[in-house]
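Visitor: Build me a structure from this.
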Amino acid sequence: MYIRSPCMFREYLNKPKLTADSFVDINGYRFFRTGDLAAILPNGKLEIRGRCNYMVNLRGYNVSLAGIENTLLEHPEIKSCVVIIQGKEEAEKKLIAYFVPQKQSTEPQQIRELKLRLRHHLQDHLLAHMIPSVFVVIDKIPMTPMGKLDRRQLPSIDHSRPELAVPLVKSQSDTQKGIAQIWQEVLQLEEVGINDNFFDLGGNSLLLIRVHKNLSKILAIHLPVTTLFEHPTIATLAQYLEQEQVGKTAVKRYEKRNKSIQHGSDIAIVGMSCRFPGANNTDAFWNNLRDGVESISFFSDREIELEDPNWIEHPNYVKASPILPDIDLFDAEFFGYSDKEAELMDPQHRLFLECAWEALEIAGYNPGNYPGSVGVYGGSSPSTYLINNISHSLGSSQTSPLLTHCLFRGTKDVHTDLGNGGDYLPMRVSYKLNLKGPSVNVQTACSTSLVAVHLACQSLRSGESDLALAGGVSIFVPQKTGYLYQEGMMLSPDGHCRAFDAEGQGTLFGSGVGIVVLKRLEEAIADGDHVYATIKGSAINNDGAVKVSYTAPSIEGQIAAISEALAMANIDPRTVSYVETHGTGTPLGDPIEIAALTKAFRQSTNSQDNNFCAIGSVKTNIGHLDVTAGIAGLIKTVLALHNKAIPPSLHFKEPNPNIDFPNSPFYVNTALTPWEPKVTPLRAGVSSFGMGGTNAHVVLEEAPKQVERRSPLTPLNQGGNSEASHGFPLAKGGISEASHGFPLLNKGGNSEASHGFPLLNKLSIRQK
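Guide: Got it, this is the predicted structure:
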């Protein structure tokens, strides 16, 4: 908030710097910077929301100092407190909590126990990045004569070890002592214990990179930076360094686990449908991949002003996003919806339903007369259509029930909830297409759609389903908006994803939908289905707690998922010649992924062969499609197998210095490369790792040679007079209660039957 008045003072006497910081000229008028945050409410009143310096940025996180203080004050042993941020360089910034206890004590043990209780109290109520690194006991909060905090009078902090739940255990071996010395220098602490977690001591990923550099130099060893994330204590890191064979224990555990895995039937992929940035179908998608096209949209200031005007002048605002055209078009009549129902339906539901129909159509199956059990497995992103369009359009009185799963006050609330809730996505497909197999909503963040494929394969192998659809959808509304780049986070500073490259600084999120149709391979061959590729093995798991934080990746978790999928496929990893990676282009995520792949491949075979397997990331083409990311990678890889060519991974020039490609099985494929089988059929892997730790890996193989193949889109047995017939009748009528034979979708949206549903703005419903 800035103010001006004829009677306002002009400057601080003999304090030019303070004057310069406190006054600003706007359109020729002199304004005073109050230091308060404020907002003008709809009723015209001015609301003061607190001091500006109460909101700080800590390594990409916006942190409310007042929020931390208020949480501290909720503890019964605290009388008053103040939290500040200290440190000039980003890596050295830390939160410090000064507090006045209700009862003063000079006993060190009592003070230590109180600080530990406060730390536990904050950990129970706040996110990890909001926990102060240091707690300092003071007699009173120093104030200026004007009643403001006098920061200069706050005592300087010492460099003693923070209060941790684990007892202090000093270093014993030379290796432990060497690591401890480096930790103490980087963390500026007088003492650390071998069981202390680096991050609990006040460390962060930027400081960990400093530790890595010092370790590599002082200990004269070659050490991947990912190892430090895998071993966040001195004891575990020292043990790792002292082992003769890295990962020996892990290999034995995984070998034992693999022995119990039963090798089931291979799964055929008999149909696919997708809408990805720059591609409205699989043919267009393959053409873009083949030609090395980056389908990222960059927006003009005018386009941004229409959707997201508040951030347009921010220097870190990136005006780019991978978008889908025509998300407002939907053939409501075809699926039996009224215009009003379609308006209240999230485009994610609309497009997932359309793609489900198209995938079955391409596979050559009519859902209305297929005699077997058809399962549906899929998931969607949170409904930004609900948040940014419908809830505003219905007014404030309707917002609360909508955003709390509805209180069902009326019919509109019910339709809105059913049309936007992710829980109902697969069931909508099952209902509209009359599919009577399992219908399961999947939610595992970024790995959702590949986990859906794994679950569908399990359902087919168990006999629960005879045919299964699996996929995901992510559509963000409004689409033509950018994002705010923050250092240290996962978003790219320039709108490009440079997976595995030295200049890689992250990715960007976009919209897309993809679905595959799956069937047991032996039955697909017997029925004359067109097989695009086969799934030989798949696995999912979770990282658990053995990693640096909830959102961080885990090498061990990724190794386990990849190893189990390879074991289920019952193949030698040396026969895998391509892996579609998760590949987000982050400086630490990419090295962790390659380290995990390398260990998984090495432990599954005694070979130390290098650079025999190409890798790539579809995120360099279309960005990160959130829950749809996994199915996008799968469809890309299936198309590569089908066309016997590996498309280029974009923006790769120099490898990330923390990736040891020369001593790994992998290399980044940067050009369209012919892909022909040698001794074994073509094989590939696909990875997808969800934030929160759910990992998925799928092993693919090229389709087996068949004497006769029914080409896709060719109807079978249109007479439909045999039980084996799954012909696709081109029905002339629309949907009705008596018939589930639908006509082909009007994809162009130009007929009377095709309705374009504009994304609701804040006025459209009110005008109607």
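
Visitor: the strands in the stretch 1-150 of the chain, which residues?
Guide: With DSSP state E, counting those that start in this stretch as the criterion, the stretch 1-150 of the chain has strands at 2-3, 23-26, 29-33, 36-40, 46-51, 55-58, 61-64, 78-86, 94-101, 134-137.

Visitor: I misspoke; the intended subject was the stretch 401-550 of the chain.
Guide: Taking DSSP E, counting those that start in this stretch to define them, one finds strands in the stretch 401-550 of the chain at 439-441, 467-474, 483-484, 512-520, 533-542.

Visitor: any idea which of these is most buried?
Guide: Highest mean neighbour count among these (mean count of other Cβ atoms under 10 Å): strand 467-474, with a mean of 32. Glycine gets a C-beta too; all of them are placed from N, C-alpha and C.

Visitor: Who are the packing partners of that strand?
Guide: Judged by 3 or more Cβ pairs under 8 Å, 6 or more residues apart in numbering; DSSP states H and E, strand 467-474 is in contact with helix 347-363, strand 374-380, helix 448-462, strand 512-520, helix 629-643.

Visitor: repeat that with 6 Å
Guide: Counting contacts by 3 or more Cβ pairs under 6 Å, 6 or more residues apart in numbering; DSSP states H and E, strand 467-474 packs against helix 347-363, strand 374-380, helix 448-462, strand 512-520.

Visitor: picking that back up, averaging pLDDT over each of the strands of the stretch 401-550 of the chain, report the lowest-scoring one.
Guide: Lowest mean pLDDT within the strands of the stretch 401-550 of the chain: strand 483-484, at a mean of 92.

Visitor: mind listing what that strand pairs with, with the direction of each?
Guide: strand 317-318 (antiparallel) (DSSP bridges).

Visitor: Quick check: next helix or strand after the partner strand?
Guide: Using DSSP states H and E, the helix or strand that follows strand 317-318 towards the C-terminus is strand 320-321.

Visitor: Distance from the chain centre to the helix or strand following that following strand, please.
Guide: For strand 320-321, the succeeding helix or strand toward the C-terminus, using DSSP H and E, is strand 329-330. Computed by Cα atoms, centre = their mean, to the nearest Å, the separation of strand 329-330 from the middle of its chain amounts to 27 Å.

Visitor: In terms of pLDDT, where does Gln706 sit?
Guide: In this model, Gln706 is scored at 70, pLDDT.

Visitor: now the closest residue to it other than its chain neighbours: how far from Lys705?
Guide: Closest residue in space to Gln706, ignoring its immediate chain neighbours: Ile525 at 6.3 Å, by Cβ to Cβ, 6 or more residues apart in numbering. In this view, Ile525 and Lys705 are 10 Å apart by Cβ to Cβ, to the nearest Å.

Visitor: Which one's more surrounded, those two?
Guide: Between Ile525 and Lys705, counting by other Cβ atoms under 10 Å, Ile525 is the more crowded of the two (17 against 7).

Visitor: quick one: contacts for the closest residue to Asp266 other than its chain neighbours?
Guide: Closest residue in space to Asp266, ignoring its immediate chain neighbours: Leu521 at 4.2 Å, by Cβ to Cβ, 6+ apart. Neighbouring residues of Leu521 by Cβ atoms under 6 Å, 6 or more residues apart in numbering: 266, 268, 534.

Visitor: Touching, Val453 and Ala468? I think so.
Guide: No: at 8.9 Å, Val453 does not count as touching Ala468 under the criterion of Cβ atoms under 6 Å.

Visitor: re earlier: can you check which of the strands of the stretch 1-150 of the chain gets nearest to Phe689?
Guide: Evaluated over these, closeness to Phe689 peaks at strand 61-64, with 21.6 Å, by Cβ to Cβ.

Visitor: any chance of the helices and strands packed on strand 467-474 in TSV, plus distance to Asp158?
Guide: Below are these laid out as TSV (distance: least, Cβ to Cβ, whole Å):
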stretch	distance to Asp158
helix 347-363	53
strand 374-380	50
helix 448-462	47
strand 512-520	53
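
Visitor: To Asn658, which of the ones you listed lies closest?
Guide: helix 448-462 (25.5 Å).

Visitor: who touches that closest one?
Guide: Outside helix 448-462, the residues that touch it by Cβ under 6 Å, 6+ apart are 264-265, 267, 375, 377-379, 438, 442, 444, 465, 468, 470-472, 518, 520, 535, 538, 540, 627-628, 630-631, 688, 696.

Visitor: quick one: buried residues of the strand or helix carrying Leu597?
Guide: Element membership for Leu597 (DSSP H and E) is helix 589-603. Within helix 589-603, the residues that count as buried by 16 or more other Cβ atoms under 10 Å are 589-603.

Visitor: Can I get that helix as PDB, trimmed to CA atoms?
Guide: Output of helix 589-603 as PDB, limited to C-alpha atoms (Å, rounded to 0.1, in the frame of the first residue of the first chain):
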ATOM      1  CA  GLY A 589      15.600 -35.400 -10.900                       C
ATOM      2  CA  ASP A 590      17.200 -36.500 -14.200                       C
ATOM      3  CA  PRO A 591      20.500 -37.800 -12.500                       C
ATOM      4  CA  ILE A 592      18.400 -39.700 -10.000                       C
ATOM      5  CA  GLU A 593      16.400 -41.400 -12.700                       C
ATOM      6  CA  ILE A 594      19.500 -42.500 -14.800                       C
ATOM      7  CA  ALA A 595      21.200 -43.700 -11.600                       C
ATOM      8  CA  ALA A 596      18.100 -45.900 -10.800                       C
ATOM      9  CA  LEU A 597      17.800 -47.200 -14.400                       C
ATOM     10  CA  THR A 598      21.500 -48.100 -14.400                       C
ATOM     11  CA  LYS A 599      21.300 -50.000 -11.100                       C
ATOM     12  CA  ALA A 600      18.200 -51.800 -12.200                       C
ATOM     13  CA  PHE A 601      19.700 -52.900 -15.500                       C
ATOM     14  CA  ARG A 602      23.100 -53.800 -13.900                       C
ATOM     15  CA  GLN A 603      21.600 -55.900 -11.100                       C
END
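
Visitor: helices and strands around it, which ones?
Guide: Looks like helix 589-603 contacts helix 226-230, helix 555-569 (3+ Cβ pairs under 6 Å, 6+ apart).

Visitor: ok, and what's touching it?
Guide: Identification of contacts with helix 589-603 by Cβ under 6 Å, 6+ apart yields 224-226, 247, 251, 500, 553, 555, 558-559, 562-563, 573, 581-582, 656, 658-659, 664-665.

Visitor: residue ranges with poor pLDDT in the stretch 351-500 of the chain?
Guide: 391-415 (pLDDT under 70).

Visitor: now swap in the stretch 601-750 of the chain and tell me
Guide: The stretch 601-750 of the chain contains residues with pLDDT under 70 at 604, 606-607, 707-750.

Visitor: can you map out the helices along it?
Guide: Secondary structure of the stretch 601-750 of the chain (DSSP state H, counting those that start in this stretch): helices at 619-622, 629-643.

Visitor: who touches the last one?
Guide: This means helix 629-643. Taking Cβ under 6 Å, 6+ apart as the rule, helix 629-643 contacts 269, 272, 274, 286, 289, 446-447, 449-450, 471-472, 514, 532-533, 580, 618, 625, 646, 682, 684, 686, 688, 700, 702.

Visitor: rerun that using 7 Å as the cut-off
Guide: If you take Cβ atoms under 7 Å, 6 or more residues apart in numbering as the criterion, helix 629-643 is touched by 269, 272, 274, 276, 282, 285-286, 289, 446-450, 453, 471-472, 512, 514, 516, 532-533, 578, 580, 618, 622, 625, 646-647, 675, 682, 684, 686, 688, 696, 698, 700, 702.

Visitor: What residues sit buried inside it?
Guide: 629-642.

Visitor: mind giving me the domain ranges of this protein?
Guide: Per the record, the chain has its domains at 2-51, 54-153, 267-383+421-702, by automatic domain parsing.

Visitor: So, low pLDDT: which residues of the stretch 201-350 of the chain?
Guide: For the stretch 201-350 of the chain, the stretches flagged by pLDDT under 70 are 219-221, 242-264.
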